[in-house]
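Colleague: Pasting the sequence and the predicted model now:
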Amino acid sequence: HAVGCVWCSVVMISALAWVGKGRALAIPLKINKDDDDDENEAVHEVHQDEEEVAPVPVVEKKKKTKSKQPDTSDSMDAETEEERQLFSRLNMDAYDDDEEEDTNIDLKRNFSEVVYYADPSEDPFLQEGQDDEDELEDITVRPTDVLLLGAVANDSDEDLSAIEIHVYEPSQDNLYVHHDIVIPTFPLCLAWLDYPFPSTYSTVTTSCGGQPKGNYVAIGGFEPGIEIWDLDVLDALEPLVVLGGEIDQGGNPHMKSKKPRLRHGSHTGGVMGLAWNRVHRNLLLSASVDTTVKLWDLSRANDAGTPSKGSEGPCIRTFTHHTDKVQSVEWHPTEATVFISGSYDRTVMLVDTRVPPVTPVLRFELGADCETVQWSTPTQFLVGTEDGMVTCFDVLASSSADSKKGKGKGKQAKPNNVVWKLGAHDKGVSALSVNTHFPGLLVTGSADGKVKLWDYSTMGQAGGEVKLLASQVAGQGVFSASFFSESPFLLAVGGDKGRMLVVDIRDFPNINERYNNNAPYEPKNKFASMNIPDDEETPGEEDWDEVARGVLGGGGEDVDMDRPKKGKPKAGKKKGKQR
């Protein structure tokens, strides 16, 4: 996710993740705060005792002060005379008579339009529990609702960063923030997971298949620890589990001055990528600035993030096959023990977690720093790089090669393992997502502020080509873009101006024609409100019509498959999530 080296004080959506229908509790839970209430009551009683004792010394002080002052009877008589004159001028003696006259009010005349009820139970404004019912309605998650998680990062104040849990109502095309989780670090990546943690506050449910399920999010950021939060708990004060990270020094100033102590197996730098294993649900991968990839066993971590009794700790494997920061990591879609990882060392590694650490891994060379990786088929994966290119690699074409020496040694992939290359954007490809319903449909997003939809389904065939179906100005540098796996047309986009957007891709005529049989559909054009540059005025309706014809209606043309690079990035000026 290219952020750049010079940061502005802005709020951005650095990462996002979908949560499927029916995965969240219908009514989220709230942490029991009885203990805190008891403490508050105790403090309140202390204040009451102080108030009862406080008047005593004040009175004594006045007496002492009065005894030391000279006789002021003459001045007091003068003040009394002035008060009498004032009372006489204001007619204070008739004050009570005025009140008695004011009480004789003609109720029939003054309150003729006031509605009242003989039976108070019939008054809708006096119904008990009405506020509770309204609040319950606001927080209820319906079976048809979809959750969308957004990492809201504030680069000027890390304490203001949060994970916003949005609810999207497909029937009404409505997106709103349900609740949020305040976190103490700048978030860089998210991973939703449903591993059932055996915790006091864990809201584990049982699915139709009889397996326990949860609703959690793992968060990686500038700190070396990985926090896991329960999404079904409102106003949670601390994460459910912390993997790695710094050990709390207990507020000792002498300890804080020393080098922070890290938990066993922790990363030593920020966490830039996360991937949860949907088959082996207790496994989580993390990619870090410290050049390593770590494999975590969630069953070995307790609430404090320390090893469970009798275990060696939640980190069960550390991979050191990269030589620079590791940006992205993803599990294989069918082989649950295999993953790929992309790094700033301009390589992508294919790793099988079952083999010994000394076994060479399969290496794929890149022309620029890796920004994001994703599997497109069980044998091919896509890589977005910092120079704006998207490259498709074939794993089977790299079955044999020579080994390379040095740290991160591995088999060098064959030159012919590149299936196709695409010059997608003018800046780094920070987001890409493959549509699981329509083979060959791809979305890419970039810091150049554009979202593009591509069709590469004919690649591998005679005369095959990648076609640009739509190109849309998003009004912000795009950091995240993801299709919803349960819906063929929903796309979520987030970027450097803190705007979360859910788009129906049928808004683009080429998409509606190609994938929806050109069925009647009324475009919403949600991007239109985001196309306004900060330094320009709002265009008129004719300008928007031109945008709709030129951008939404554009596309379908062939694309330069191997666009020349703009130039190598300067040393020390590489773009990335963390620098």
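Modeller: Structure's in. What do you need?
Colleague: Flag every buried residue along stretch 230-239.
Modeller: Neighbour-count burial for stretch 230-239, counted by 16 or more other Cβ atoms under 10 Å, picks out 230-234, 236, 239. Any C-beta I mention is one placed from the backbone N, CA and C, and that applies to glycine too.
Colleague: how far does it stretch from start to finish?
Modeller: 7 Å (Cα to Cα, to the nearest Å).
Colleague: Low-confidence bits of the stretch 201-350 of the chain, can you list those?
Modeller: Along the stretch 201-350 of the chain, the model assigns pLDDT under 70 to residues 201-210, 249-258, 302-312.
Colleague: And the strands in it, which stretches?
Modeller: 205-206, 212-213, 216-221, 226-230, 233-234, 241-243, 271-276, 283-288, 293-297, 315-319, 326-331, 338-343, 347-352 (DSSP state E, counting those that start in this stretch).
Colleague: Can you get me the start-to-end distance on stretch 342-359?
Modeller: End-to-end distance of stretch 342-359 (Cα to Cα): 19 Å.
Colleague: whoops, stretch 458-473 was the one
Modeller: End-to-end distance for stretch 458-473, by Cα to Cα: 26 Å.
Colleague: hey, C-alpha coordinates of the one helix or strand Phe393 maps to in PDB?
Modeller: Assigned by DSSP states H and E, Phe393 belongs to strand 389-394. This file holds the C-alpha atoms of strand 389-394, laid out as PDB (Å, rounded to 0.1, in the frame of the first residue of the first chain):
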ATOM      1  CA  MET A 389       2.700  -3.400 -13.500                       C
ATOM      2  CA  VAL A 390       0.600  -6.500 -12.900                       C
ATOM      3  CA  THR A 391       2.300  -9.800 -13.600                       C
ATOM      4  CA  CYS A 392       0.800 -13.300 -13.800                       C
ATOM      5  CA  PHE A 393       3.000 -16.200 -12.900                       C
ATOM      6  CA  ASP A 394       2.500 -19.900 -13.500                       C
END
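Colleague: coming back round to it: report the two of the buried residues of stretch 230-239 separated the most.
Modeller: Distance extremes for these: the farthest pair is Leu234 and Pro239 at 14.6 Å, using Cβ to Cβ.
Colleague: Make a markdown table out of the strands of the stretch 201-350 of the chain and add distance to Ala151.
Modeller: Listed next are the strands of the stretch 201-350 of the chain as a markdown table, based on distance: least, Cβ to Cβ, whole Å:
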| stretch | distance to Ala151 |
| --- | --- |
| strand 205-206 | 25 |
| strand 212-213 | 23 |
| strand 216-221 | 7 |
| strand 226-230 | 12 |
| strand 233-234 | 18 |
| strand 241-243 | 17 |
| strand 271-276 | 11 |
| strand 283-288 | 15 |
| strand 293-297 | 19 |
| strand 315-319 | 23 |
| strand 326-331 | 15 |
| strand 338-343 | 19 |
| strand 347-352 | 24 |
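Colleague: right, and those strands - which one's nearest Gly428?
Modeller: strand 326-331 (10.5 Å).
Colleague: and the closest one, which strands flank it?
Modeller: strand 338-343 (antiparallel) (DSSP bridges).
Colleague: which residues touch the partner strand?
Modeller: Residues from elsewhere that reach strand 338-343 (Cβ atoms under 8 Å, 6 or more residues apart in numbering): 273, 275, 285, 287, 291, 293, 319, 321-332, 348-353, 366, 369-373, 375, 381, 383.
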